[in-house]
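1. Have a look; sequence and predicted model below, questions after that.
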Amino acid sequence: MYLYFDYSPLGALRWYVKVSRKGRRIGIRERYGTEPFDAAYDAAVAALGGVMRKRRTEPDPLVQPERRYVLADRSQRGQTRYYVQIRNGLPKIRIKAEFGTRAFDDECDAAIVSQIALYGDATDYVNAQKQRNEPRPELPTEPPKPHTLRWYWTLYKHSDHWLGDLAVGEAGLSDSTRLQRTGLIESLLPENGEKPFGVLTRKVIKAEMKARTPSQAGNLLSALRGMIRWMIDESHLDEDDDPTIGLKSGKAKASRESGGFMPWTEEDMAMYRAKWPLGTEARLMFDILHHTFLRLGDAHRFGPSHLRQIVRKMAVQISTEKSRGNTTVTVPVHPEFADSLRAARAAGIIGADVFTGKIVKGRVLPMNKKAWAAKFKKYAVLAGVNEPKKSCHGVRKARAEVAAYADCTESQMMAMFGWTDPKMPAHYIAKANREKLGISGMEKIVAFDQSQLFDDITALPGANRSGTSAENRVVTLRSNFGRKTP
């Protein structure tokens, strides 16, 4: 176990014994594989205080605790370690008590409570258990039988509607949409895949939707309608036989009730800036979202090539991912964003292709948008912005609200935020106008009430400038006139 080798400058093979990574080592001059070699090895291990083990053995499989937030790993020397971590990328707390004892549980309780107090949200609680997803049954490997649900699904995945072909006017589906729809439709195949497509009736689809959340039910309905639309176009199905006709999901209503992603407040932004000053990666990621208004799909790939001189002004210009490059956003560089970029350049944290990403051997390389979002969420949680629905998109929503309050027009907001549907800016503008009208209306009511009170006081007979009667110096309101004294 403690036996190592290397080569001398002249290329000679050298054997030595070492029981700790930074401790001293003892060389062995005897020929490897001989009895004197084994004896020298035993003597060296004993001299260094090691345990006499000559063969490296594989440790037992690492079993993760069932308790949420409690994780296990192994050191380089095979030692099993336990620690508490409520989110990936957040600080870890090592648990030193023996696993399975009461002391271990008490130490975990204290660590989880402290972590939730710092970084937790409404979904975290001390005694939470890990949720284990049951493995999905594997689909058959043999070719599907014609006219079964799996047969149509296989054909659909090789169609122009799925892959795209501009020659026939089909743009195809994005990679993220394909991945999502694959998971949704293939969840139906273990039970119904080998049956004729006709088994997928309106009743069956409605039952599948009821077993899901409103959001997932809406996604499933959209996925099925995409495949059925292709079947109708290819004459596999009559339009009148569409089993999704008349079905509705509560996805839109649930989204309206929940409000979707929560916009960041001024307090959130102040906490984030206080935690991450200019010249840090975390601050640069925030400033990209805050001053360019980009979506996550564009922010993660934003780099120096997207800064261009337009009409003698430096501007951000990028083709949006959501429109597949058909819509270009052009926004002048905000003065505060320019300061942030200068500070980041001075700190040497800007990449050549992208401004932010993963650091590999001192170089900043692009990363996918999910990893970028997770990295930003980690920085936000460390800054105290740890509500579940406050993420990258929440910064964009907050800036859209600011644009509406700043009296930007619908056309201006569509150009800055990359929207193609005027309903989006109209939503923010209507909300801002409603609040501004409420404020201005209350100001008029306050002014009217104050003027009425002033008129009541000054209109009294014999009132002086101080508003009191000349005879008894008692203020008498007009509403008191005409009352009979008992």
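-> Structure's in. What do you need?

2. What residues sit buried inside stretch 200-211?
-> Buried positions in stretch 200-211, judged by neighbour count with 16 or more other C-beta atoms under 10 Å: 200, 205-206, 208-209. To be clear about C-beta, it is placed using only N, CA and C from the backbone, and glycine gets the same treatment.

3. Would you reformat the residues you listed as JSON lines and include distance to Leu237, secondary structure and pLDDT?
-> Rendered in JSON lines, the data for the buried residues of stretch 200-211 read as follows (distance: C-beta to C-beta, whole Å; DSSP: H, G, I helix; E, B strand; the rest coil; pLDDT from 0 to 100):
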{"residue": "Leu200", "distance to Leu237": "11", "secondary structure": "coil", "pLDDT": "89"}
{"residue": "Ile205", "distance to Leu237": "14", "secondary structure": "helix", "pLDDT": "91"}
{"residue": "Lys206", "distance to Leu237": "19", "secondary structure": "helix", "pLDDT": "91"}
{"residue": "Glu208", "distance to Leu237": "19", "secondary structure": "helix", "pLDDT": "89"}
{"residue": "Met209", "distance to Leu237": "20", "secondary structure": "helix", "pLDDT": "90"}
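
4. Could you export those as a markdown table, including distance to Ser411?
-> Compiled in a markdown table, the buried residues of stretch 200-211 are given as follows (distance: C-beta to C-beta, whole Å):
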| residue | distance to Ser411 |
| --- | --- |
| Leu200 | 45 |
| Ile205 | 41 |
| Lys206 | 42 |
| Glu208 | 43 |
| Met209 | 39 |
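
5. Out of those residues, the closest to Leu179 would be?
-> Proximity of these to Leu179 was ranked by C-beta to C-beta; the top entry is Glu208 with 19.3 Å.

6. got the contact list for the closest one?
-> For Glu208, the contacting residues are 188, 220, by C-beta atoms under 8 Å, 6 or more residues apart in numbering.

7. Also His291?
-> Residues counted as contacts of His291 (C-beta under 8 Å, 6+ apart) are 333-334, 336-337, 340.

8. Over to Lys206?
-> Contacts of Lys206 were listed using C-beta under 8 Å, 6+ apart, and they are Leu247.

9. how about a cut-off of 10 Å?
-> 217, 221, 243-244, 246-248 (C-beta atoms under 10 Å, 6 or more residues apart in numbering).

10. Mind putting those into a markdown table with secondary structure, pLDDT and distance to Pro143?
-> As requested, the contacts of Lys206 are exported to a markdown table (DSSP: H, G, I helix; E, B strand; the rest coil; pLDDT from 0 to 100; distance: C-beta to C-beta, whole Å):
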| residue | secondary structure | pLDDT | distance to Pro143 |
| --- | --- | --- | --- |
| Ala217 | helix | 89 | 31 |
| Leu221 | helix | 93 | 28 |
| Pro243 | coil | 92 | 25 |
| Thr244 | coil | 91 | 27 |
| Gly246 | coil | 88 | 34 |
| Leu247 | coil | 88 | 31 |
| Lys248 | coil | 86 | 36 |
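
11. ok, of those, which come out buried?
-> Neighbour counting over those (16+ other C-beta under 10 Å) leaves 217, 221, 243-244 as the buried ones.

12. Among those, find me the one that's closest to Trp419.
-> Checking the buried ones among the contacts of Lys206 against Trp419 by C-beta to C-beta gives Leu221 as the nearest, at 24.9 Å.

13. any idea how far the closest residue to that closest one other than its chain neighbours is from Asp287?
-> Closest residue in space to Leu221, ignoring its immediate chain neighbours: Ser249 at 5.2 Å, by C-beta to C-beta, 6 or more residues apart in numbering. Look at Ser249 and Asp287: by C-beta to C-beta, to the nearest Å, they are 38 Å apart.

14. How is Gly441 assigned, secondary-structure-wise?
-> Reducing the assignment at Gly441 to three states with DSSP: H, G, I helix; E, B strand; the rest coil gives helix.

15. what's around it, how many residues?
-> Gly441 has 10 neighbouring residues, counting by other C-beta atoms under 10 Å.

16. Same question for Asp6.
-> Asp6, neighbours per other C-beta under 10 Å, totals 9.

17. give me the element it is part of.
-> The secondary structure element spanning Asp6 is strand 3-7 (assigned by DSSP states H and E).

18. strand partners of that strand, parallel vs antiparallel please.
-> Strand 3-7 has its sheet partners listed here by DSSP bridges as strand 13-17 (antiparallel).

19. can I have the strand it pairs with written out in CSV, keeping just the CAs?
-> Below are the C-alpha coordinates for strand 13-17, written out as CSV (Å, rounded to 0.1, in the frame of the first residue of the first chain):
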residue,chain,number,x,y,z
LEU,A,13,13.9,2.9,-11.7
ARG,A,14,13.8,3.8,-8.0
TRP,A,15,11.5,2.3,-5.3
TYR,A,16,10.7,3.9,-2.0
VAL,A,17,8.2,3.7,0.9
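
20. Any chance you could list what contacts that strand?
-> Looking at what lies outside strand 13-17 - C-beta under 10 Å, 6+ apart - the contacts are 1-8, 24-32, 37, 40-48, 50.

21. and what of stretch 177-195?
-> Taking contacts as C-beta under 10 Å, 6+ apart, the residues outside stretch 177-195 that touch it are 136-140, 144-145, 147-154, 156-157, 162-163, 172-174, 199-200, 204-205, 208, 211-212, 216-217, 219-224, 226-227.

22. Buried ones only from the residues you listed, please, as a PyMOL command.
-> A single PyMOL command suffices to select whichever of the contacts of stretch 177-195 are buried according to 16+ other C-beta under 10 Å:
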select buried, resi 144+148+149+150+151+152+153+156+162+172+173+200+205+208+212+216+217+219+220+221+222+223+224+226+227
